[in-house]
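> Build me a model from this:
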Amino acid sequence: MIEKFARAFVRDNDGSWFCREPVHFVGYHGPFTTTPGVTYRKGKLNQGYDVAVWLDEWHSQQLVPIGVQFL
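Below you'll find the predicted structure:
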């Protein structure tokens with residue numbers, strides 16, 4: 001699963017994450033799908049989610065939580 005994560009997202013030097021492939025996940029505010037070509041930055045909410053914080057956590061733990069689907 002972490003290999004799919006590595007294909008879907010690239011971490012930039014400034015700490016942001018660039019999305020290369022769509023990823024669907026369900027969070028507290030409902031479903032959310034990342035958009036290819038979008039850069040996710042800490043502190044910038046996307047539909048109520050700070051996606052960059054989640055990506056940092058997943059990357060540091062080398063795992064992807066249950067409920068995340070790579071499309």
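
> Setting the sequence-adjacent residues aside, check what's closest to Asn46.
Distances taken as Cβ to Cβ, 6 or more residues apart in numbering put Tyr40 closest to Asn46, at 6.7 Å, once the chain neighbours are dropped. Yep, even glycine has a C-beta here, placed from its N, CA and C like the rest.

> Could you report the neighbour count for the one you found?
Using other Cβ atoms under 10 Å, Tyr40 is surrounded by 21 other residues.

> For it, which residues count as its bridge partners?
Beta bridges link Tyr40 to Trp17, judged by DSSP bridges.

> For Tyr40, give me the pLDDT.
Note on Tyr40: pLDDT of 94.

> What of Gln69?
What the model reports as pLDDT for Gln69 is 71.

> now do Gly48
On pLDDT, Gly48 comes in at 80.

> Burial check on it, number of neighbours?
Look at Gly48: counted by other Cβ under 10 Å, it has 10 neighbours.

> Next one: it from Arg20, what distance?
Gly48 is 23 Å from Arg20, where distance means Cβ to Cβ, to the nearest Å.

> again with Pro36
Using Cβ to Cβ, we find Pro36 at a distance of 6 Å from Arg20.

> got it, and Asp50?
To Arg20, Asp50 is 20 Å away according to Cβ to Cβ.

> give me the low-pLDDT residue ranges for this structure?
1-2, 27-29, 64-67, 70-71 (pLDDT under 70).

> which helix of it spans the most residues?
Assignment by DSSP state H gives helix 51-61 as the longest helix of the chain.

> what's in contact with that one?
Here helix 51-61 makes contact (Cβ atoms under 8 Å, 6 or more residues apart in numbering) with 5, 9, 11, 15-17, 32, 34, 40-44, 64-65.

> From those residues, list the buried ones, please.
5, 9, 17, 32, 34, 40, 64 (16 or more other Cβ atoms under 10 Å).
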